[in-house]
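Enquirer: could you work out the structure for the sequence below:
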Amino acid sequence: MIGIDIFSVTFCALILIYACYSDIKKRSVTNRLWLLMIAVGIPIAFYNVLIQGMPFLIRFTCSVLFTFVLAYLFFRLRLFGGADAKCLIALSVLIPVNPCFTFCSYQFPINFSSFMMHDPFPFAVTTLLNGALLSLSAPLGLFVYNLLTLRRDELKGNFGLAFIGYKLRIDTLSDMVNKHTRLVHSYEEDEGDVKRIFIFGGIDIDAEVVEALKIYHAQGKIGAKVWITPELPFILFITAGFFTALLYGNLIFCIMFSLML
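Expert: Prediction:
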């Protein structure tokens, strides 16, 4: 069993690393990667059913169904893209239960790695929860950056925006076209004024949008800077959550346990 787990984890790690590279480089991940994970995972699942019987089949079914529902919910809420949802579903097939080994060969002050064996969630769900927790570093990092770079008057009334984006001069927006960033607001002209409307998820920055913003600024209707938000591939956080699950298990359980000490 350890040999199968090592193979599954190694194979999955290679797929995830390549997916990260592809998403950063091309902003797209081929579905062949997830189909390959499923194609490798199904024979392994059949073998485990033959060896372990009904207990494994129940855990495998729960892993796929629970992960599918959660991934679909995250996708519908636009918390990540379709490729991320497919990745998690494929992971639930390839590694439906927590691996029976840990990479931790040394003792932490608190041996969080032991929680892997007691984590009630399927491994893919633990990976997702870890990734979601780790993704909080992005808004915190943006907020710190804005605190260090923006004036107090620029932050006034925009405190919440400091967690999701940063300000950029309109005359430099042309360099951001197709650079995986989005405009936080849409700007619409109404009776001679320009209204700034917050758009959840932002809007694409293209040449037409940039030209309109330049005209509005030249007319004195908007300031010299606008808020933009970076598009961070969530597959990066899924991959980080995967390795964290291997090393520490469920981070939420680890935090809860440390707070109880």
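Enquirer: mind giving me the packing neighbours of the strand ranked longest in the chain?
Expert: Taking DSSP state E as the criterion, the chain has its longest strand at strand 193-204. Strand 193-204 is packed against strand 181-190, with contacts defined by 3 or more Cβ pairs under 8 Å, 6 or more residues apart in numbering; DSSP states H and E. (Glycine included, C-beta is placed from N, CA and C.)
Enquirer: okay, now the nearest residue to Ile4 once chain neighbours are set aside: neighbour count?
Expert: Residue nearest to Ile4 in three dimensions, not counting chain neighbours: Ile44, with 6.1 Å by Cβ to Cβ, 6 or more residues apart in numbering. Neighbour count of Ile44, defined by other Cβ atoms under 10 Å: 18.
Enquirer: so Ile44 versus Phe60, what's the distance?
Expert: Applying Cβ to Cβ, to the nearest Å, the value for Ile44 to Phe60 is 10 Å.
Enquirer: and if you look at Leu129?
Expert: Distance from Leu129 to Phe60, by Cβ to Cβ: 19 Å.
Enquirer: how about Ala212?
Expert: Ala212 is 53 Å from Phe60, by Cβ to Cβ.
Enquirer: who's more crowded, these two?
Expert: Neighbours were counted for Ala212 and for Phe60 using other Cβ under 10 Å; Phe60 has more, 22 against 14.
Enquirer: quick check: closest non-adjacent residue to the more buried one.
Expert: Pro96 (4.5 Å).
Enquirer: give me phi/psi at that neighbour?
Expert: Main-chain dihedrals, Pro96, degrees, to the nearest 10: phi -70, psi -20.
Enquirer: can you pull the contacts of it?
Expert: Residues near Pro96 by Cβ atoms under 8 Å, 6 or more residues apart in numbering: Gly41, Ala45, Phe56, Arg59, Phe60, Ser63, Val64, Pro122, Phe123, Ala124.
Enquirer: from Tyr18, how far out is it?
Expert: For Pro96, the distance to Tyr18 - Cβ to Cβ - is 22 Å.
Enquirer: same question, Phe234
Expert: Relative to Tyr18, and taking Cβ to Cβ, Phe234 is found at 16 Å.
Enquirer: do Ile205 as well
Expert: Ile205 sits 28 Å away from Tyr18, going by Cβ to Cβ.
Enquirer: Leu246 too?
Expert: Applying Cβ to Cβ to Leu246 and Tyr18 gives a distance of 18 Å.
Enquirer: okay, the two: which has more neighbours?
Expert: More neighbours surround Leu246 than the other of Leu246 and Tyr18, with 24 against 13 (other Cβ under 10 Å).
Enquirer: and the host helix or strand of Leu133, what other elements does it pack with?
Expert: Using DSSP states H and E, Leu133 sits within helix 123-134. The contact analysis (3+ Cβ pairs under 8 Å, 6+ apart) places helix 123-134 against helix 54-76, helix 82-94, helix 234-247, helix 251-260.
Enquirer: those: which one's closest to Leu134?
Expert: The closest of these to Leu134 is helix 234-247. By Cβ to Cβ, the value is 5.0 Å.
Enquirer: apart from its chain neighbours, what residue comes closest to Phe80?
Expert: Closest residue to Phe80 apart from its sequence neighbours, by Cβ to Cβ, 6+ apart: Phe234 at 3.9 Å.
Enquirer: cool, and Phe11?
Expert: Distances taken as Cβ to Cβ, 6+ apart place Val40 nearest to Phe11, at 6.2 Å, with adjacent residues excluded.
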